[in-house]
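A.B. asks: attaching a predicted model along with its sequence, questions to come.
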Amino acid sequence: MTALREALFSGVEPELEAVLAAREARVARRQAALSRSGLPAVSISPVMPGPVKDCPASRHLQEAALDALDKLFQERRWLASRVWAVTGPTGPNALIVVDAPAVELKRALIELEATHPLGRLWDLDVTDPRSGGLSRRGLGLPVRRCLICDEPAHVCSRSRAHSLDALLGAIEERIHASRPDLCAAR
């Protein structure tokens, strides 16, 4: 791994128990927000392969996602409220409730992921308080593609078709293209 890549992706590997506890806490907070607000919720986290989830790259990706979402919600005139945003050993994640039709919201987020220079590096999930999680497939849209090849991302992920170094290299290239200053020689 190059020194630059090491600087972008270095961090502490969380214990499995911490990962599981963080996942349970996110689900509980999302359910509470859905019940309280009655509005669709957007879960935001960076796509970060490998054991390290909290690193300079993941924090930058999360900040860029939150900024892009704020802009999108303003443009669409959707009222949005950030329920929580945390960063810890299991990685950054946030939850926003949005006063918008869930399907329209999901379509807008899919478009954002496709058009923003860093959008493919974000996991933006929509949960409707009545019908649950919305998926690309459920909307008749194609699944996410791999960061490296044109195969469906879940196929490459499950088969471990690409090395961690190759995946981090693809992420580094996208970050560099959008923010060269983050990838400047240190």
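C.D. replies: On my side now, so go ahead. Numbers count the residues shown, from 1 in each chain.
A.B. asks: what pLDDT does Arg5 get?
C.D. replies: Arg5 is assigned 82 on the pLDDT scale.
A.B. asks: next, the buried residues of the one helix or strand it maps to.
C.D. replies: Arg5 is part of helix 3-9 when elements are defined by DSSP states H and E. Residues of helix 3-9 classed as buried: 5, 7-9 (neighbour count, 16 or more other CB atoms under 10 Å). To be clear about C-beta, it is placed using only N, CA and C from the backbone, and glycine gets the same treatment.
A.B. asks: dump that helix to PDB, restricted to CA.
C.D. replies: The C-alpha trace of helix 3-9 is given here as PDB (Å, rounded to 0.1, in the frame of the first residue of the first chain):
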ATOM      1  CA  ALA A   3       2.000   6.100   1.800                       C
ATOM      2  CA  LEU A   4      -0.900   8.100   0.400                       C
ATOM      3  CA  ARG A   5      -3.300   5.200   0.400                       C
ATOM      4  CA  GLU A   6      -2.100   4.400   4.000                       C
ATOM      5  CA  ALA A   7      -2.900   8.000   5.000                       C
ATOM      6  CA  LEU A   8      -6.400   7.900   3.500                       C
ATOM      7  CA  PHE A   9      -7.400   4.500   4.800                       C
END
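A.B. asks: I figured Ala65 was touching Glu113, is that so?
C.D. replies: No: here Ala65 does not reach Glu113: they are 9.4 Å apart, not a contact under CB atoms under 8 Å.
A.B. asks: any shared contact partners between these two?
C.D. replies: 122, 124 (CB atoms under 8 Å, 6 or more residues apart in numbering).
A.B. asks: tell me which of these two has more neighbours.
C.D. replies: Comparing Ala65 with Glu113 by other CB atoms under 10 Å, the one with more neighbours is Ala65, at 26 against 20.
A.B. asks: helices of the chain, residue ranges please.
C.D. replies: For the chain, helices defined by DSSP state H occupy the ranges 3-9, 16-37, 56-76, 102-115, 153-159, 164-178.
A.B. asks: let me have those helices in a markdown table, extended by distance to Gly50.
C.D. replies: As requested, the helices of the chain are arranged in a markdown table below (distance: least, CB to CB, whole Å):
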| stretch | distance to Gly50 |
| --- | --- |
| helix 3-9 | 7 |
| helix 16-37 | 13 |
| helix 56-76 | 10 |
| helix 102-115 | 21 |
| helix 153-159 | 12 |
| helix 164-178 | 5 |
